[in-house]
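# 3D, please:
(chains A, B, C and D)
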There are 2 protein chains.
Amino acid sequence: MTTPAEPFALPMADQPRVRSDAARNRDALLCTAARMVAEEGAQAVTMDRLAAEAGVGKGTIFRRFGNRCGVMTAVLDESEAHFQTSVMSGPPPLGPGAPAYERLRAFGVARLAATLQRIDLIEAAGGGRSHAAYTFGVLHVRHLLVELGVEGDLPLLAAALLAPLEVPLLRAQIEVQHLPVARLEAAWCDLADRVVGARDQARG
Amino acid sequence: MTTPAEPFALPMADQPRVRSDAARNRDALLCTAARMVAEEGAQAVTMDRLAAEAGVGKGTIFRRFGNRCGVMTAVLDESEAHFQTSVMSGPPPLGPGAPAYERLRAFGVARLAATLQRIDLIEAAGGGRSHAAYTFGVLHVRHLLVELGVEGDLPLLAAALLAPLEVPLLRAQIEVQHLPVARLEAAWCDLADRVVGARDQARG
DNA sequence: ATCCATTCCCGGACCATAGTCCGTTTCATC
DNA sequence: GATGAAACGGACTATGGTCCGGGAATGGAT
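A predicted model of the protein is given here:
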């Protein structure tokens, strides 16, 4: 947890001179929060307990992370960074090297799995991932759509492809309707087919 | 507010003998909540204030509506019922009488507008509409897809079409990215085109 | 019509937890 | 070591949600 693991870390303006106690407390909070999430689930992380177990005051949490969602987002960013690395430089078909169409399908399936794996944490992080993490997904899908020669309003088309993978819908489909994940995967790939316009040529 | 306006009202099992004071309090709460939402916005409706202004105890609210989301959902169901009526028996192209393809586009545009109009209330109602209201949308779209001869996993395809119209995404697109509504409408229609497979024949 | 017993509801005190505020403490620099 | 700026921390507030003793509504018996 020594590395904040910020996805798309901005080139920090100069050196805002982070005070050592601030950095130490931030690390302690992030580390403690991650452990609590791993051991007891996101729902068990209350701000009072987090402050107590990290050995800091409650006000410090809010100064560093703004609110509870901020804490959860920071914890989530760790695994989100892993995901982004897999997409940007991991093995195909998720990473580069595979045809764009295969990468798109792999992305949807991988993102679905990643979301389901941490669904409680993502929800605790405010229903959505951090803005940077979300933007990453849109940009990647948009990039693949360009490679596939899709024309239209690509940013919104990419957002529409990502929308069925958001937490509330997935939760309803899996926990209420009890749909198997394989069916969700298949349906997403079908959707991608239709958006790309590959329903007839690529899949038959 | 004398009519609860339940969408898809179930054929109530016999007469559960709703006590008169219970019904009276329910009406008072619903009426007061609707007024507060209209006058001050959903975010201003705290349970304490609602109880005080409706002249009931706080416990009564939770007995009747379960939680805050339940209250908001009940308020929302009023306008949701209007929407459903427009779809089921209103004038075309939203209502019956127009070609299925026109109805689908009209549905998306109308739903987008309806969501934006009450976006705060919908969010306060738990991010999503009530289960019944959501199911209505899915069933309607699914029905139109059948009429259009679309094949595949229609329930999930319908859900995927509705997903980009959910509140969190719309909020980001409009309040953060400042995209004009017309562009969202156009993009949704384009998405529908692609899903239906009408991109080439019906629109050129 | 009145009374009684039962059932269900009422209501506000109480609890848990997110988030704020500001006097006190610590850090980095001179 | 002095000093100003920044961070700390815990008491405080706001609010969603729970609990349970008291009381009203209802239906049957007299």
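
# Is DNA strand C within reach of stretch A:62-74?
Yes. Residues of stretch A:62-74 contacting DNA strand C under Cβ under 7 Å from any atom of the strand: A:62, A:67, A:68, A:69. All C-beta spots, glycine's among them, are computed from the backbone N, C-alpha and C.

# ranking those by neighbours, who comes first?
residue A:68 (19 neighbours; other Cβ atoms under 10 Å in any protein chain shown).

# Enumerate every residue touching that residue.
A:47, A:124 (Cβ atoms under 8 Å, 6 or more residues apart in numbering or on different chains).

# circling back: just the residues of stretch A:62-74 next to DNA strand C: which are in helices?
A:62, A:68, A:69 (DSSP state H).

# Residue A:160 versus the second one, what's the distance?
In this structure, residue A:68 and residue A:160 are 30 Å apart, going by Cβ to Cβ, to the nearest Å.

# okay, now the closest residue to residue A:60 other than its chain neighbours: neighbour count?
Leaving aside its chain neighbours, residue A:60 sits nearest to residue A:25 (5.5 Å; criterion: Cβ to Cβ, 6 or more residues apart in numbering or on different chains). Using other Cβ under 10 Å, residue A:25 has 19 neighbouring residues.

# ok, back up a step: which of the ones in helices among the residues of stretch A:62-74 next to DNA strand C lies at the shortest distance from residue A:40?
residue A:68 (15.2 Å; Cβ to Cβ).

# Mind pulling up the pLDDT for that closest one?
According to the prediction, residue A:68 has pLDDT 95.

# Residue A:128 too?
64.

# Next: residue A:14.
Looking at residue A:14, its pLDDT reads 50.

# returning to that earlier point: can you report phi and psi for the residue nearest to residue A:60?
The phi/psi pair for residue A:25 (degrees, to the nearest 10) reads phi -70, psi -40.

# contacting residues for it?
A:54, A:56, A:60, A:64.

# who in chain A is up against DNA strand D?
So chain A meets DNA strand D at A:18-19, A:21-22, A:24-25, A:55-60, A:63-64 (Cβ under 7 Å from any atom of the strand).

# how about low-confidence regions in chain A?
Across chain A, the ranges flagged by pLDDT under 70 are A:1-16, A:127-129, A:199-204.

# Could you work out the end-to-end span of stretch A:121-141 for me?
Terminal residues of stretch A:121-141 are spaced 24 Å apart (Cα to Cα, to the nearest Å).

# buried stuff in that stretch?
Neighbour-count burial for stretch A:121-141 flags A:121-130, A:132-134, A:136-138, A:140-141 (criterion: 16 or more other Cβ atoms under 10 Å in any protein chain shown).

# Among those, which lie within helices?
A:121, A:122, A:123, A:124, A:132, A:133, A:134, A:136, A:137, A:138, A:140, A:141.

# quick one: which of these is nearest chain B?
Taking Cβ to the nearest Cβ as the measure, residue A:134 is the one of those closest to chain B, at 7.7 Å.

# State the distance from the closest one to residue A:166.
Shown here: residue A:134 relative to residue A:166, a distance of 10 Å by Cβ to Cβ.

# now swap in residue A:76 and tell me
Counting by Cβ to Cβ, the gap from residue A:76 to residue A:166 is 14 Å.

# Which one of the two is surrounded by more residues?
Applying other Cβ under 10 Å to residue A:76 and residue A:166 shows that residue A:76 carries more neighbours, namely 25 against 21.

# isn't that one right up against residue A:120?
No. Using Cβ atoms under 8 Å, residue A:76 is not in contact with residue A:120, being 10.6 Å away.

# Which secondary structure element is home to residue A:178?
According to DSSP states H and E, residue A:178 maps onto no helix or strand at all.

# Neighbours of it, how many?
Neighbour number of residue A:178 under other Cβ under 10 Å is 7.

# now swap in residue A:180 and tell me
By the criterion of other Cβ under 10 Å, residue A:180 has 10 neighbours.

# who touches it in this structure?
Per Cβ under 8 Å, 6+ apart, neighbours of residue A:180: none.

# roughly how far apart are it and residue A:186?
According to Cβ to Cβ, residue A:180 and residue A:186 sit 10 Å apart.

# What distance do you get for the nearest residue to residue A:41 once chain neighbours are set aside to residue A:175?
Among residues not flanking residue A:41 along the chain, residue A:120 sits closest, at 5.9 Å (Cβ to Cβ, 6+ apart). Remark: distance between residue A:120 and residue A:175 (Cβ to Cβ) = 11 Å.

# Comparing these two, which residue is more hemmed in?
residue A:120 (16 against 10).

# Could you single out the nearest of the residues of stretch A:62-74 next to DNA strand C to DNA strand D?
Of all the residues of stretch A:62-74 next to DNA strand C, DNA strand D sits closest to residue A:62, with 7.1 Å by Cβ to the nearest atom of the strand.

# mind listing what the closest one touches?
residue A:47.

# what's the answer for residue A:88, then?
Here residue A:88 is in contact with A:95, A:96 (criterion: Cβ under 8 Å, 6+ apart).

# what helix or strand is it on?
helix A:68-89.

# And the helices in chain A?
A:20-40, A:47-54, A:58-65, A:68-89, A:100-117, A:119-124, A:131-147, A:154-162, A:167-171, A:181-196.

# for the closest residue to residue A:89 other than its chain neighbours, phi and psi?
Excluding the flanking residues, the one nearest residue A:89 by Cβ to Cβ, 6+ apart is residue A:95, at 5.9 Å. Per-residue torsions, residue A:95: phi -80, psi -180 (degrees, to the nearest 10).

# pretty sure residue A:95 contacts residue A:84?
No. Between residue A:95 and residue A:84 there is no contact under Cβ under 8 Å: 10.8 Å.

# neighbour count winner among these two?
Legend: neighbour count by other Cβ under 10 Å for residue A:95 and residue A:84, higher for residue A:84 (19 against 15).
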